[in-house]
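A.B. asks: Please work out how this folds:
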Amino acid sequence: MKRLLLVLIRGALCGGLCSISLSACEAPATPFPVEIAATETMPSPIATIEPIRYALDVNTIGFIAEMDQLQAAAQVEILGTTANPADLGGRYDLVAAYGAQSGWTLSPITLHIALVIGQIEDETLSEILRASINPQIVVDNLGIPGAIAEPTDILSASTLRAQMANRGKPDGYGLAIGAAYLPGAAQIVEQWTAINIETRLLWMSNAQIFTALESGEIQIALITWTTSEERQNWVERFGAENIIDLYTLPISYLAVPGLNISFTPGGWPLAER
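C.D. replies: Numbers count the residues shown, from 1 in each chain. Below is the predicted model:
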């Protein structure tokens, strides 16, 4: 009996020691990796370019053929009064006007206004038209600084009316006229009315005028040109004797510092930051 108890005790001690020994020899458990939430990358802020604030003087209302081009490049405001240079920077970044405005920068492109006589079979009427417009009166009435009347051979209203009467037209003529969005058209129409030439005024671009003269839709036109090549195109189609230069109009502008300035074919400034 004693021998059996000793065997059991020895077995228990051996088992315990072996268990302790095995536990001490086991490798420690590998921990699971900790998942760290990815940090969301925010997109870089997009730099915004402030639009150009473009003001046009009151003397430009209705008289800019390239208005679509200006509006595509800037926020355009047409002023109801004469532009105030003190508003530059606060109210607008760029301002333009007809005329050589004091203290402003002149556009390098000057607008020339000319009369074009189209396909008129009555040569007497053509002669009357050539001598019917007094550009100096137009320029004086416009009051645009720097506008210059071209020298032309003109006859008095009474002489022109007498010529029409001798031609069998005492009541005058009726004509359709195209005008290329230019200051002075209304004043010229007044001069024609005074000699019994009644006109129907149609506002058109130069390109539309060219086509309308060729088709006979209009008989005469008031056009603008800025280069000698452009004028020559009219001369080649309608003849030098039927292109009568009337007056020139400068364009001026003011701009805040730092703008890159370019110009439309018609002389109007465009700006980029």
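
A.B. asks: Was I right to think Thr81 contacts Asn59?
C.D. replies: No. Counting by Cβ atoms under 8 Å, Thr81 stays clear of Asn59, with 10.3 Å between them. The C-beta positions use only the backbone N, C-alpha and C, and glycine is treated the same way.

A.B. asks: So which of the two has more stuff around it?
C.D. replies: Between Thr81 and Asn59, counting by other Cβ atoms under 10 Å, Asn59 is the more crowded of the two (18 against 7).

A.B. asks: The more buried one contacts Gly146, correct?
C.D. replies: No. Look at Asn59 against Gly146 with Cβ under 8 Å: they stay out of range, at 11.9 Å.

A.B. asks: Next secondary structure after the helix-or-strand element of the chain with minimal mean pLDDT?
C.D. replies: Every helix and strand of the chain was ranked by mean pLDDT, DSSP states H and E. The lowest is helix 2-25, at a mean of 43. For helix 2-25, the following helix or strand on the C-terminal side (DSSP states H and E) is strand 53-56.

A.B. asks: Other residues contacting the next helix or strand after that following strand?
C.D. replies: Going down the chain from strand 53-56, the next helix or strand is helix 67-73, by DSSP H and E. If you take Cβ atoms under 8 Å, 6 or more residues apart in numbering as the criterion, helix 67-73 is touched by 52, 54, 56, 64, 76, 264, 268, 270-272.

A.B. asks: So the residue nearest the centre of the chain versus Leu111, what's the distance?
C.D. replies: By Cα atoms, centre = their mean, the chain has its centre lying nearest to Leu70, at 1.5 Å. Applying Cβ to Cβ, to the nearest Å, the value for Leu70 to Leu111 is 15 Å.

A.B. asks: just Gly103 next, same as before
C.D. replies: 21 Å.

A.B. asks: Excluding residues flanking it in the chain, which one is nearest Thr264?
C.D. replies: Excluding its sequence neighbours, the residue lying closest to Thr264 (Cβ to Cβ, 6 or more residues apart in numbering) is Glu66, at 4.6 Å.

A.B. asks: can you count the residues close to the one you found?
C.D. replies: 16.

A.B. asks: Pull up the distance across stretch 126-134, start to finish.
C.D. replies: Stretch 126-134 has an end-to-end distance of 16 Å (criterion: Cα to Cα, to the nearest Å).

A.B. asks: and it, how far from the chain's centre?
C.D. replies: Remark: stretch 126-134 is offset 34 Å from the chain centroid, using Cα atoms, centre = their mean, to the nearest Å.

A.B. asks: cool, stretch 214-229 as well?
C.D. replies: Chain-centre distance of stretch 214-229: 22 Å, with Cα atoms, centre = their mean.

A.B. asks: buried stuff in that stretch?
C.D. replies: Buried residues in stretch 214-229, defined by neighbour count with 16 or more other Cβ atoms under 10 Å: 218-226.

A.B. asks: Repeat that for stretch 124-132.
C.D. replies: 125-132.

A.B. asks: Please apply the same query to stretch 187-205.
C.D. replies: 187-189, 191-192, 195-197, 199, 201, 204.

A.B. asks: Quick one: those residues as a markdown table, columns for distance to Ser252, secondary structure and pLDDT too.
C.D. replies: Shown next, in a markdown table, are those (distance: Cβ to Cβ, whole Å; DSSP: H, G, I helix; E, B strand; the rest coil; pLDDT from 0 to 100):
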| residue | distance to Ser252 | secondary structure | pLDDT |
| --- | --- | --- | --- |
| Gln187 | 21 | helix | 97 |
| Ile188 | 24 | helix | 98 |
| Val189 | 27 | helix | 97 |
| Gln191 | 27 | helix | 97 |
| Trp192 | 30 | helix | 97 |
| Ile195 | 35 | coil | 95 |
| Asn196 | 38 | coil | 94 |
| Ile197 | 34 | strand | 96 |
| Thr199 | 31 | strand | 95 |
| Leu201 | 27 | strand | 97 |
| Met204 | 26 | coil | 97 |
